[in-house]
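[1] Next input, structure requested:
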Amino acid sequence: MVPTQHTEIERKFDVPHDAVVPDLSRLPGVHAVGPTSTHHLAADYWDTRRVDLARHHFSLRRRTGGTDAGWHLKIGAGVDARAEHACELGDGPAPPDALVALVRDVVGEHPLYVVARVDTRRDETPLLDRSGAVLARFCDDLVVSDTPAVDGSPPATVAPGRPDPTLPTTTRWREWEIELADGGRDLLAATSSALIESGALGAAFPSKLAHALGDRLDCSTPSPLPGRARDRHRTSTTDVLRSRLRTQVDALEAQERGVHAGHPSAIHDMRVAARRLRAALRTFEPVLEKGSTKACRRELRWLGRVLGTARDAQVLRERLTAELEALPGSLDLRSPTARISAHLQTTAGAGQEAAAAATTSARYEHLLDDLERFIAHPPTRPEASTRATVLVPGLLSRDADRFLRAARRARRALPPQRDVALHETRKHAKQLRYSAESASAVRGKSARRVVKGATRVQESLGDHQDAVVALELLRRLRAEARTAGEDATPYDALTGLEVAAAAVAVAAYERQLRRLRKLW
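    Next comes the predicted model:
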């Protein structure tokens with residue numbers, strides 16, 4: 001089924017139920033108005049549970065009644081304009097593949113559901129020129145919408161293509177609409193003036209779907225935080241939290257297709273987004289209801305671990321391959337190269353499959369649903385309404401104190417516990433970095449200095465942890481090689497490189513730690 005395409009140019013107006021339609025025959029260029037016809041239109045709007053299409057100014061509907069029954073995909077195309085792709089109704093209830101293909105980059109692999117049902121009684125009046133050609137169509141619509149809990153119940157309770165019967169929301173309104181046919185924008189402007197003089201107001205929502213979703217759509221898209229320092233006093237702590245979560249959930253979803261395809265950069269970026277989400281929930285925990293972050297943090301930890309299996313194997317493979325190439329040519333490296341490559345290739349492959357499976361699972365869908373609910377209605381305590389400039393610095397200091405205590409414990413630790421302690425310090429440095437990223441919206445340069453310092457500490461300790469992990473793997477593979485009667489010398493050489501690398505990383509960490517401490 002090949003969609004037809006055209007661009008519609010129209011304006012919508014909110015009007016009270018008792019508004020009187022003005023005499024449109026007096027508009028410039030209009031010779032007469034045609035007979036009014038009444039239509040009963042029933043439209044099901046399809047979207048993801050997180051209303052991704054609506055948030056990106058798309059609408060996908062199945063409409064019956066009127067003169068253009070069928071499937072319609074509308075995409076914003078400039079001021080007063082929308083590109084419309086249309087297909088016939090067909091036999092099945094699901095959207096046509098041809099239209100779904102056009103929105104795949106927006107919705108990814110997420111299933112589509114009916115998120116709103118809109119019933120309209122439309123009185124349509126054509127505006128005609130002297131030849132009888134239609135210049136525009138004026139529509140007087142009485143609208144009733146029913147919406148399911150698009151950010152509510154778990155997927156298992158809702159059949160695709162059917163509204164969720166729980167928590168329905170019914171909204172009623174009247175609107176006027178003028179859509180151009182053969183007329184020009186001067187007619188659109190003149191009609192708009194006449195309608196406004198009759199008591200109409202420019203529509204508060206760009207579409208019936210947006211009107212039906214109302215606050216649910218607004219709550220899913222936090223307003224951007226002020227960029228100017230003088231405006232930051234208007235930002236609440238809740239605003240900072242919602243903005244941070246929205247950005248990272250979007251980053252998570254942006255990598256889904258790449259993870260499915262096994263792209264290393266996508267796996268890395270999704271893992272980072274999951275970590276940033278966990279960090280935000282932990283940083284803002286003092287202003288959230290007790291226990292409200294537990295489920296999301298647990299599931300984000302699960303996602304991070306699944307993604308980490310593939311990512312860590314990729315990093316380790318690159319590291320050991322480079323070190324093998326640096327070893328003296330006098331060593332026979334064929335056997336260790338093959339053994340190391342086979343082990344890490346198998347691990348990375350299994351990890352990529354697990355990551356792809358995880359991001360198409362019901363568990364992942366539930367996690368995203370929980371995060372969307374958190375963004376729409378964060379379970380904050382009253383103090384979260386306090387200005388972020390007052391409260392957020394204390395949250396950042398809390399994470400800084402945790403990091404500094406971890407660093408002191410690592411300094412006192414003795415081998416082999418010190419490697420574990422340094423790894424814990426790295427986790428706290430990462431938490432501090434992400435906390436400072438959140439705070440940069442209200443703390444500006446001072447927070448960005450913390451981000452820079454914590455990042456350097458994290459990277460140094462990351463190099464150390466990579467060496468520790470590599471050493472553990474080399475010990476295992478060396479034992480396997482000895483059992484197989486192979487020469488263990490290359491493994492000893494690689495072990496020496498990793499021991500040296502770990503020492504260099506610790507020295508770098510201690511230098512960066514001294515610099516970071518000066519910020520407190």
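[2] any weak-confidence spans in the stretch 51-200 of the chain?
    148-169 (pLDDT under 70).
[3] All the helices of it, residue numbers only.
    Assigned by DSSP state H, counting those that start in this stretch, the stretch 51-200 of the chain shows helices spanning 52-55, 97-107, 185-197.
[4] what packs against the first one?
    So that's helix 52-55. strand 37-47, helix 97-107, helix 208-213 (3 or more CB pairs under 8 Å, 6 or more residues apart in numbering; DSSP states H and E). Any C-beta I mention is one placed from the backbone N, CA and C, and that applies to glycine too.
[5] As TSV, the helices of the stretch 51-200 of the chain with mean neighbour count and distance to Ala43 would be great.
    Converted to TSV, the helices of the stretch 51-200 of the chain look like this (neighbours: other CB atoms under 10 Å; distance: least, CB to CB, whole Å):
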stretch	mean neighbour count	distance to Ala43
helix 52-55	22	14
helix 97-107	15	14
helix 185-197	16	23
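[6] Ok, which of the ones you listed comes nearest Gly29?
    Set against Gly29 and scored by CB to CB, those come closest in helix 185-197, at 5.8 Å.
[7] name the helices or strands packed onto that closest one?
    Packed next to helix 185-197, using 3+ CB pairs under 8 Å, 6+ apart, are strand 4-14, strand 134-147, strand 169-180.
[8] sorry, back to before: who wins for proximity to Thr238 among the helices of the stretch 51-200 of the chain?
    Closest to Thr238 of these is helix 52-55 (CB to CB; 19.6 Å).
[9] follow-up on the earlier one: could the helices and strands packed on helix 185-197 go into a markdown table alongside mean neighbour count and distance to Thr64?
    Below are the helices and strands packed on helix 185-197 laid out as a markdown table (neighbours: other CB under 10 Å; distance: least, CB to CB, whole Å):
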| stretch | mean neighbour count | distance to Thr64 |
| --- | --- | --- |
| strand 4-14 | 15 | 18 |
| strand 134-147 | 19 | 15 |
| strand 169-180 | 18 | 19 |
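[10] could I get the helices of the stretch 51-200 of the chain as a markdown table with distance to His377?
    Listed next are the helices of the stretch 51-200 of the chain as a markdown table, based on distance: least, CB to CB, whole Å:
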| stretch | distance to His377 |
| --- | --- |
| helix 52-55 | 16 |
| helix 97-107 | 23 |
| helix 185-197 | 35 |
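[11] Figure out which of those is closest to Thr321.
    When these are compared by CB to CB, helix 97-107 sits nearest Thr321, at 34.3 Å.
[12] could I get the helices and strands packed on helix 52-55 as JSON lines with distance to Val20?
    Output for the helices and strands packed on helix 52-55, formatted as JSON lines (distance: least, CB to CB, whole Å):
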{"stretch": "strand 37-47", "distance to Val20": "18"}
{"stretch": "helix 97-107", "distance to Val20": "39"}
{"stretch": "helix 208-213", "distance to Val20": "22"}
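[13] out of these, which comes closest to Arg282?
    Judging the helices and strands packed on helix 52-55 by CB to CB, what sits closest to Arg282 is helix 97-107, at 30.0 Å.
[14] For Trp520, which of the helices of the stretch 51-200 of the chain is the nearest?
    Of these, nearest to Trp520 by CB to CB is helix 52-55, at 39.5 Å.
[15] From the rest of the structure, what touches the closest one?
    With contacts defined as CB atoms under 8 Å, 6 or more residues apart in numbering, helix 52-55 is touched by 46-47, 59-60, 103, 106-108, 110, 115, 209-210, 213, 217, 220-221, 253.
[16] Apply 10 Å and report the result again.
    45-48, 58-60, 73-75, 103, 106-108, 110, 112, 115-116, 150, 206-207, 209-210, 212-213, 216-217, 220-221, 246, 250, 253 (CB atoms under 10 Å, 6 or more residues apart in numbering).
[17] hmm, back to that, Leu471 is nearest to which of the helices of the stretch 51-200 of the chain?
    Nearest of the helices of the stretch 51-200 of the chain to Leu471, taken as CB to CB: helix 97-107 at 42.9 Å.
[18] Give me the helices and strands touching that closest one, please.
    Identification of packing neighbours for helix 97-107 by 3 or more CB pairs under 10 Å, 6 or more residues apart in numbering; DSSP states H and E yields strand 37-47, helix 52-55, strand 58-64, strand 70-76, strand 81-87, helix 237-254, helix 256-260.
[19] mind listing what the fifth one pairs with, with the direction of each?
    Same thing as strand 81-87. Strand 81-87 sits in its sheet next to strand 4-14 (antiparallel), strand 70-76 (antiparallel), going by DSSP bridges.
[20] in that strand, what's buried?
    By 16 or more other CB atoms under 10 Å, the buried positions in strand 81-87 come out as 82, 84-87.
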